[in-house]
Every structure is written in structure tokens, then in C-alpha cells.
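> sequence unknown, structure follows:
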């Protein structure tokens, strides 16, 4: 742990900004840039106001950084959220709208790429280059990653204070081959084997572990074998994972409040809702303990909705 790192600090956990989707009538998520940017500016302003109060060390955004993986949507996202327009750095992961939904279904004529995998490939490349940047951040203690330019799960992990944070992207078993008629094939692999090695190292350093990924309840169980799900649950229990943060549903909630999940066991699962609806979580870290507050910022002010202890 760096001497400049504290064991008591605040972070913010978010998900699903999804430019240009809105929770409004007649929304066209592929063309509604101005209304999305007007709405999301208020949300961004509320986060900055809360940052003045809580001094967030960093933020985490768990997937669906775009609605359809298009370059212009990526640029809208960057202008508001990453890498640092909020006043602090953000670690991000990909969601189904960023690549899974776009496999064989989205070209980028504006970027002179007519491959039907262009949007998905663009998001994966973007994630790879972000990981390269994260390696140099002062908040990225013991940074590890599973990424090369054309392969890997793009999972990564870092440590700050007593906490080991892991970003597993869409979901831990997601994998896909993204070919291209005129460029090298991208092989996105699952992160299960990488995750086990990462958790072993974190426990050997006596770190408290927090997992992040996008979709914990739909495509993860639908597209994984029972053996994979059972092994994932075993790892959470065996290596003492403290909490899991997800998005995808667009609803804020404590998704495993009473434990007993077939996927997560007794590990608490927190859903951060959707930024396009104004939702986000403020997480206070005190050593290995977490205090979580739900906020909504659609008004431009950070409105406290609920406190989870």
C-alpha cells in the first residue's frame, strides 16, 4: 500500500450511463444526443457537488458505457464521465450494450469500418487502452490485468487501502470471438481462471475483496453452465469476498439482502441503478467496512434516497 493511501475514504459506484438512452417518452437511444447530454449534465453536476463534500478518491462505472457501442456515443460518455471530467478518476467496465449486443450487428461507416463487428471491437480496443492508462494511476496499487490488444477477458484489479477491487467486465463467463474481414481477430475470453489466481493473491495479502461487473442476474446465469456458476459461488465463499457491485437492471437495490443465492451465496450484491435515471451509490470505506448511500441527481443536486449499512 502506498504511503499516500488511506484506509478511510469515499468512492462512488455507478453503472449504465448508456448514451443516448433516457427514461423519457419518445426517446431514440441512437439519436437523442442533445436531450441525453442535457439530462446527464445535471447528474454529472450533482456528482461533482457531492464530491466537494465527500472527496471521492475514485469512481467505478460497471458497464453499458454506451447504448450501442458507437464511436459518437463513446465520445459523449467520455465528455461527462471518463477518464476524469468528474474531478476524480473513474475505473470502467463494459456491459452487454457495449459489445455483447453488437456482435455481428453494428458497423461504423463514420469511422470507415464496415465490419459488422466494428462497434463491439471498438469498445474492446477502448477498454484495452483504458487498462494501459490505469496501470499508471496512483490509486492502482498491485494492478493486475488479463488483457492484450487482441485477446483476454479485459478483467483487471487494483488495490487501495485495505481493499482489493476487481473489475470483471460484462460478466465472469462472457466470451466471444470478434473477427474482421481486414484485421486481426479479437478473442475475448472468460475471466474465471484469471479471477481465481487474482483472489488467491489478494487473500495472501490479507485484503478485503470487492467484485465489480455488469450483469449479475440475466445473461450470467443464462449463458453459464451449472459447473461454472457453482465454482464462482465457491470462489466468493472460499476467498471471503466482501461485496459485489453490479448494474444492468436499471434499478437500485440490495439484490441478495438475505443471502442464500445460488450464484452469490451469502455475499451482499449491490445494484447501482442507471446514471441516465440519475442513480449512483456513495460508498464509505472504513478499513474493511462499507457504508453505502443511494443518491439521485436528476435535479442537479445530490438527493439522498436511502442509507444501507
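Everything's here; your move. As the structure is a prediction and not an experimental result, all values here were calculated from the model.
> what residues sit buried inside stretch 114-127?
By 16 or more other CB atoms under 10 Å, the buried positions in stretch 114-127 come out as 115, 116, 117, 118, 119, 120, 121, 122, 123, 124, 126, 127. Where you see a C-beta, it was placed from the backbone N, CA and C, and this is true even at glycine.
> and which of the residues you listed is nearest residue 181?
Closest approach to residue 181 among these (CB to CB): residue 115, at 6.0 Å.
> residue contacts, the closest residue to residue 187 other than its chain neighbours?
Using CB to CB, 6 or more residues apart in numbering and skipping the chain neighbours, the partner closest in space to residue 187 is residue 151 (4.5 Å). Neighbouring residues of residue 151 by CB atoms under 8 Å, 6 or more residues apart in numbering: 186, 187, 188, 189.
> between the residues you listed, which has the most around it?
Ranked by the number of neighbours (other CB atoms under 10 Å), these place residue 188 first, at 26 neighbours.
> ok, that residue - contacts?
Neighbour list for residue 188: 99, 124, 151, 152, 153, 154, 174, 175, 176, 177, 178 [criterion: CB under 8 Å, 6+ apart].
> out of these, who's nearest residue 224?
Checking the contacts of residue 188 against residue 224 with CB to CB, the nearest one is residue 174 at 9.0 Å.
> relative to residue 276, how far out is the closest one?
Counting by CB to CB, to the nearest Å, the gap from residue 174 to residue 276 is 23 Å.
> any idea of the mean pLDDT in stretch 101-117?
Stretch 101-117 shows an average pLDDT of 92 in the prediction.
> what sits up against that stretch?
With CB under 8 Å, 6+ apart, stretch 101-117 has contacts from 68-72, 118-123, 176, 178-183.
> which residues touch residue 232?
Listed by CB under 8 Å, 6+ apart, the contact set of residue 232 reads 172, 173, 192, 224, 263.
> could you give the separation of the helix or strand where it lies from the chain centroid?
Secondary structure assignment for residue 232, by DSSP states H and E: helix 226-238. Taking CA atoms, centre = their mean, to the nearest Å, one finds the center of helix 226-238 at 21 Å from the center of the full chain.
> if you count neighbours, what's buried in that helix?
Using 16+ other CB under 10 Å as the burial criterion, the residues of helix 226-238 that qualify are 228, 229, 231, 232, 233, 235, 236.
> please name the residues that touch the closest residue in space to residue 53 that isn't next to it in sequence.
For residue 53, ignoring the flanking residues on the chain, the nearest one in space by CB to CB, 6+ apart is residue 302 at 8.0 Å. Each residue near residue 302 by CB under 8 Å, 6+ apart is listed here: 46, 47, 49, 50, 53, 295, 296.
> got phi/psi on the closest residue to the fourth one other than its chain neighbours?
In space, residue 50 comes closest to residue 302 once its chain neighbours are excluded; the distance is 4.0 Å by CB to CB, 6+ apart. Summarising the backbone geometry of residue 302 under the convention degrees, to the nearest 10, its torsions are phi -80, psi 100.
> kindly report the same for the one 4 residues further on.
Summarising the backbone geometry of residue 306 under the convention degrees, to the nearest 10, its torsions are phi -160, psi 150.
> and it, how far from residue 279?
Taken as CB to CB, the span from residue 306 to residue 279 is 11 Å.
> same question, residue 11
From residue 11 to residue 279 the distance is 16 Å (CB to CB).
> what's in contact with the longest helix along the chain?
Scanning the chain for the helix with the most residues, using DSSP state H, yields helix 33-54. Under the criterion CB under 8 Å, 6+ apart, residues 10, 12, 17, 19-22, 24, 27, 56, 59, 72, 76, 79-81, 85-88, 275-276, 278, 280, 282, 284, 295, 297-303 lie in contact with helix 33-54.
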